[in-house]
Each structure stands twice: as C-alpha cells, then as structure tokens.
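Visitor: Sequence and predicted structure below; questions after.
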Amino acid sequence: MQQKLQLINHGVPDEVIANLKNDLVEFFSQPLDAKKEYSQLPNNLEGYGQAFVVSDNQKLDWADMLYLQVCPTDSRDLRFWPNYPASFRHSIDAYSSETENIGLCLLQFMAKAVGVEPKSLLSVFEGQARGLRMNYYPPCLKADKVLGLSPHTDPGGLTLLLQVNDVQGLQINKDGKWFSVNALNGALIVNIGDTLEILSNGKFRSVEHRAVVHPSRERISAALFYYPCQDMVISPLPDFVKDGKVKYKTISYQDLLTEYFTAELDGRNRLKKMKLEP
Ligand SMILES: O=C(O)CCC(=O)C(=O)O
Ligand SMILES: [Fe+2]
C-alpha cells in the first residue's frame, strides 16, 4: 500500500511565530551574564556563544547565537534551554512542533517536481534530528568592515529561516555576486543544504549565503535545520542518478559535520571538494 502523505500544510500559526519572536528579542536583550548561564560547553554545539571559532587568530563573526537540538523531543538537553523569559521553552517547543511537517511537505513537493518518488527523500529526514540556531547580530558602526555570519552553506537537508525583527541582512551568492534577500513578514525562507545537494546528485543546489549587519540596529534570525539520520552514509540516491553518472563522493554524515564544525566557514569550498571530476 502506498504511504499516505500529508500533502497540505497550513504553515505556522501567527501566534506561534509572534511568541517565539518576542521571547527571542527578550532573551537576547538580557545582560551577558544572564545569557552565559546557558553557555556552550567544550565539545558540545548546544548553548549560548559563538559558532565556528576554531583558532585564536581568526576574525570573528559579529554575532552571538543560541543553538539547541529541538527534535526528537527526547534528545533535548534542557541545560541549555533558557527559562527566561518564562514562556521561552514553550515558544521553542511550539515552533518546532508546528514546523515538524513543513520540511517534509517541501521535500515531497520537490521530489515530485523532478519526477522522483518522494519516499526516497522523505525516508532520509522523517523523524530525524532538528536543530534551531537563533542568531543575534548586534549593530556595528563599521558595518561594512564586519560580517554577521561568514559565507557558508548549511550542512543538513533543508533550512527554514525566520527573520525575527524587521532588519534585513541575509544575502545569497549567485554566480559570484551577492544578492540581498528581502525577508517578507510572515514568510519563512527555505534554503537547501549540502546533504540535499549530494543526495540529489546536484539537482538541488546548496545555496551559499551570509549575513551582514546593520550600523545602528540589532538583527535576530532563527534557522531551523532538518538533519538526516545521524549514522547515515551520504551519497547520491539511485533515484537521482538516472543517467548513471554519480557526481559526488560518498561521506558519512558524521564526517561531513566534523569537517563543518572544525573549520572556519568557507563558502561552497567544502562542498566543491565533495564533487567528483567530470
Ligand atoms: O541570519 C541569517 O539570515 C542567516 C543565518 C544562517 O545562515 C544560519 O544560521 O545558518
Ligand atoms: Fe546558514
């Protein structure tokens, strides 16, 4: 029997988005010491701090972040889940359950659009881990001298990006040029990540993006990452290799993550190394 798919998703209720946004603004506006109660611990990605700090010599991105694994629920490490503002944990929980199916619906439509059986993609991401990275970019008077988040691609499958306040800052790279993305109020931005590029044998392209900062206003965003099964070996799925030409090397997802988190952000270069010569 064919698997019944949930074809329709009505999006995230406005109230859920509004609550998360309010709580994020409130959390990040606290003094540093209060936020540091949830600081990252060595060899652990979760918590409050900065991502991609790998040496004392690198120029740091102009941002702080709070990263949490939100799904599956039994994988949550509540040590890093702030209890101020009081509704914050609930807001994150509601947002992650309301977005549970959105990524899967999108993957299903994307597979159909290119004539591939949706199950081949869905089975990789259904019920797997999700991470929420909440980014805080303080204003910088010399905004043109810093970057909020250096050029990178996301490692997972899909990313749903929510711009929390009305300050724009996301840019994507197309053909070597940077383009600003105008985030619409009430809309989520969907980015494709490295895992999906490899699985789809390049049919879906992982987008290189970065975040710039504003000279006088703070900016906040929240990126929800849909990850594949943690012990998966990633290589192009047979359904996407119809002409028989595999264009990417095989890599374990753990190795892909290790490479990602132990080096400075580096545009699409890591992904380029995954490509087999034509
Ligand atoms: O803040 C943004 O708009 C981008 C965030 C992002 O790319 C990320 O968290 O991976
Ligand atoms: Fe990103």
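Guide: Thanks, I have it. Just so you know, these numbers come straight off a predicted model, no measurement behind them. Ligands and ions are numbered 1, 2, ... in the order given.

Visitor: partners of residue 160 in the sheet?
Guide: residue 190, residue 224 (DSSP bridges).

Visitor: What residues of stretch 139-156 count as buried?
Guide: Residues of stretch 139-156 classed as buried: 140, 143, 146-156 (neighbour count, 16 or more other Cβ atoms under 10 Å). Just so you know, the C-beta spots here come from the backbone N, C-alpha and C atoms, and that holds for glycine as well.

Visitor: Out of those, which is nearest to residue 240?
Guide: Distance to residue 240, by Cβ to Cβ, is smallest for residue 156 among these, at 17.3 Å.

Visitor: Quick check: which ranges of the chain have low pLDDT?
Guide: Residue ranges of the chain with pLDDT under 70: 1-9, 52-54, 278.

Visitor: Break down it into its helices, ranges please.
Guide: 14-28, 32-36, 88-98, 102-113, 118-125, 194-199, 253-261, 269-273 (DSSP state H).

Visitor: which one of those has the most crowded surroundings?
Guide: helix 194-199 (a mean of 25; mean count of other Cβ atoms under 10 Å).

Visitor: quick one: is it near ligand 1?
Guide: No - residues of helix 194-199 are not located near ligand 1 by Cβ under 6 Å from any ligand atom, the shortest gap being 11.8 Å.

Visitor: Repeat that for stretch 68-83.
Guide: No - Stretch 68-83 stays clear of ligand 1 (Cβ under 6 Å from any ligand atom), getting no nearer than 12.6 Å.

Visitor: still on that earlier bit, and the buried residues of stretch 139-156, which is closest to residue 121?
Guide: residue 156 (12.8 Å).

Visitor: how about the residues of the stretch 51-200 of the chain near ligand 1?
Guide: 133, 135, 149, 154, 161, 169, 170.

Visitor: Now do the first one against residue 220, distance only.
Guide: Counting by Cβ to Cβ, to the nearest Å, the gap from residue 133 to residue 220 is 11 Å.

Visitor: Now for the closest residue to residue 192 other than its chain neighbours, how many residues are close by?
Guide: Once flanking residues are discounted, residue 192 sits nearest to residue 204: 4.9 Å by Cβ to Cβ, 6 or more residues apart in numbering. Residues lying near residue 204 (other Cβ atoms under 10 Å) number 22.

Visitor: My guess is residue 204 contacts residue 198. True?
Guide: No - using Cβ atoms under 8 Å, residue 204 makes no contact with residue 198, being 9.8 Å away.

Visitor: got the contact list for residue 131?
Guide: By Cβ atoms under 8 Å, 6 or more residues apart in numbering, residue 131 lies in contact with 45, 67, 68, 69, 70, 156, 224, 225, 227.

Visitor: in the sheet, who's paired with residue 65?
Guide: Residue 65 forms beta bridges with residue 49, residue 135, as assigned by DSSP bridges.

Visitor: show me the contacts for it.
Guide: 48, 49, 50, 51, 133, 134, 135, 136.

Visitor: ok, so what distance separates it from residue 46?
Guide: 11 Å.

Visitor: Same check on residue 208?
Guide: Taking Cβ to Cβ, one finds residue 208 at 25 Å from residue 46.

Visitor: Mind checking which of those two has more residues around it?
Guide: residue 208 (21 against 18).

Visitor: The more buried one contacts residue 266, correct?
Guide: No - in this structure, residue 208 is not within contact of residue 266 by Cβ under 8 Å, at 9.9 Å.

Visitor: joint contacts of the two?
Guide: 151, 152.

Visitor: how long is stretch 237-251 end to end?
Guide: From its first residue to its last, stretch 237-251 covers 13 Å (Cα to Cα, to the nearest Å).

Visitor: How about it, which residues are buried there?
Guide: Across stretch 237-251, burial judged by 16+ other Cβ under 10 Å covers 237, 239, 240, 241, 247, 248, 251.
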